[in-house]
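Visitor: Let's see this in three dimensions:
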Amino acid sequence: MSLIPHLDKSGLSTVGRLVHDYDRMLTSFGSPHNRPYLPPFDICETDAAYYLEGELPGIDSNDLDIGFEGEHCLKIHGHHDRDTTTEKKSWWVSERSVGDFQRSFYFPASVDQANTEAHLQKGILSMTVPKSAEAHHKTKVSVV
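Guide: Now for the predicted structure:
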């Protein structure tokens, strides 16, 4: 399974997402607390860099761990939790996903890991990953 979605110009990616959401709904029926959280990301590039934007509503930068694995793989790991109370509740509908998540993005060429930037503002994680002719290894990325 690839974590970078294939974007088909014919619109099949939209249908694929609907099928995925329907399948996720069926497999999680009856267990509202066990649905995995998989935040959606947009990725684009210029001649100089790759740009990622992901939806992380309700997630604090302290709950994110971003780093590289090798020369081409960016990993984003985090935790999304639901407010818990001591009051017992009977769920009618539970559509929000919670728990740990991890996204991996593979770049086709070496990137400048040392100059990668990440900003989390209003629930949107924006990252700039500069392209590089040489491999610059850095394992962690700070989120500001």
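Visitor: any idea of the mean pLDDT in stretch 57-71?
Guide: When the per-residue pLDDT values of stretch 57-71 are averaged, the result is 92.
Visitor: Pull it out as CSV, backbone CA atoms only.
Guide: Only the C-alpha atoms of stretch 57-71 are listed here, as CSV (Å, rounded to 0.1, in the frame of the first residue of the first chain):
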residue,chain,number,x,y,z
PRO,A,57,-7.0,19.7,13.3
GLY,A,58,-6.7,19.7,17.0
ILE,A,59,-3.1,18.4,17.0
ASP,A,60,-0.4,20.3,18.9
SER,A,61,3.1,20.5,17.5
ASN,A,62,4.3,18.7,20.6
ASP,A,63,2.3,15.7,19.5
LEU,A,64,4.2,15.5,16.2
ASP,A,65,7.5,13.7,15.4
ILE,A,66,8.9,14.4,11.9
GLY,A,67,12.1,13.0,10.6
PHE,A,68,13.8,11.4,7.7
GLU,A,69,14.6,7.7,7.1
GLY,A,70,17.4,7.4,4.5
GLU,A,71,17.9,9.9,1.7
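Visitor: Just the buried residues of that stretch, please?
Guide: When neighbours are counted by 16 or more other Cβ atoms under 10 Å, the buried residues of stretch 57-71 are found to be Ile59, Ser61, Asp63, Leu64, Ile66, Phe68. Every residue, glycine included, has its C-beta placed from N, CA and C.
Visitor: Columns distance to Ala118 on top of those residues, output as a markdown table?
Guide: Listed next are these as a markdown table, based on distance: Cβ to Cβ, whole Å:
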| residue | distance to Ala118 |
| --- | --- |
| Ile59 | 13 |
| Ser61 | 8 |
| Asp63 | 13 |
| Leu64 | 8 |
| Ile66 | 6 |
| Phe68 | 12 |
